[in-house]
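Mind folding the following:
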Amino acid sequence: RWEAEGTLKDASVAEKDEAIRVLHARVAEVESGAEKAKKAETHAGVLLKEAEEGWMDAEGRMEKAHTARDAAERALQIFEGGRKAEADRAKEDAVQIETQKG
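Residues are numbered from 1 along each chain as shown. The predicted model follows:
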């Protein structure tokens with residue numbers, strides 16, 4: 001009855017006690033919800049920080065992989081260049097040997 005009228009002046013003591021209990025329960029629900037929201041916000045912040053750190057780590061690893069690939073390409077070019085030079089020297093040696101024989 002008092003809920004419909006919006007007043008407690010005609011309510012019995014039991015009804016007033018019940019109204020107070022209901023209000024306290026609602027306050028507790030709101031406080032609990034606020035606490036859960038705060039915990040969720042904190043957890044989301046932690047996850048975001050971990051994601052950012054993971055992204056930076058991945059970028060660092062990717063940069064290292066690119067550097068390693070570039071170094072491997074240079075090493076291959078040097079090796080291939082060295083083999084060509086070696087082959088050229090072998091040809092020259094062969095020509096000199098043939099010239100010395102003849």
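
Which helix or strand contains the residue nearest to the spatial centre of the chain?
Most central in the chain under C-alpha atoms, centre = their mean is Ala51, positioned 2.5 Å from the mean C-alpha point. Element membership of Ala51 [criterion: DSSP states H and E] is helix 13-101.

packing partners for that helix?
helix 2-5 (3 or more C-beta pairs under 8 Å, 6 or more residues apart in numbering; DSSP states H and E). C-beta: built from backbone N, CA, C; applies to glycine.

quick one: low-confidence ranges for this protein?
For the chain, the stretches flagged by pLDDT under 70 are 1-11, 102.

hmm, try it at 80
For the chain, the stretches with pLDDT under 80 are 1-13, 16, 101-102.

still on that earlier bit, how far away is the residue nearest to the centre of the chain from Arg89?
Shown here: Ala51 relative to Arg89, a distance of 56 Å by C-beta to C-beta, to the nearest Å.

try Arg61
Distance from Arg61 to Arg89, counting by C-beta to C-beta: 41 Å.

Then Asp17?
106 Å.

swap in His43?
As judged by C-beta to C-beta, His43 and Arg89 stand 68 Å apart.

go on, Leu76?
Taking C-beta to C-beta, one finds Leu76 at 20 Å from Arg89.

Then Lys64?
Using C-beta to C-beta, we find Lys64 at a distance of 37 Å from Arg89.

try Glu80
From Glu80 over to Arg89 (counting by C-beta to C-beta), the distance is 15 Å.

now Thr99
Computed as C-beta to C-beta, the Thr99 to Arg89 distance reads 15 Å.

now swap in Ala65 and tell me
The gap separating Ala65 from Arg89 is 36 Å, by C-beta to C-beta.

what number of residues lie near Ala19?
14 (other C-beta atoms under 10 Å).

what does Glu15 give?
Each residue near Glu15 was counted by other C-beta under 10 Å, and the total is 14.

Could you do the one 5 residues further on as well?
Residues contacting Ile20 under the criterion other C-beta under 10 Å number 11.
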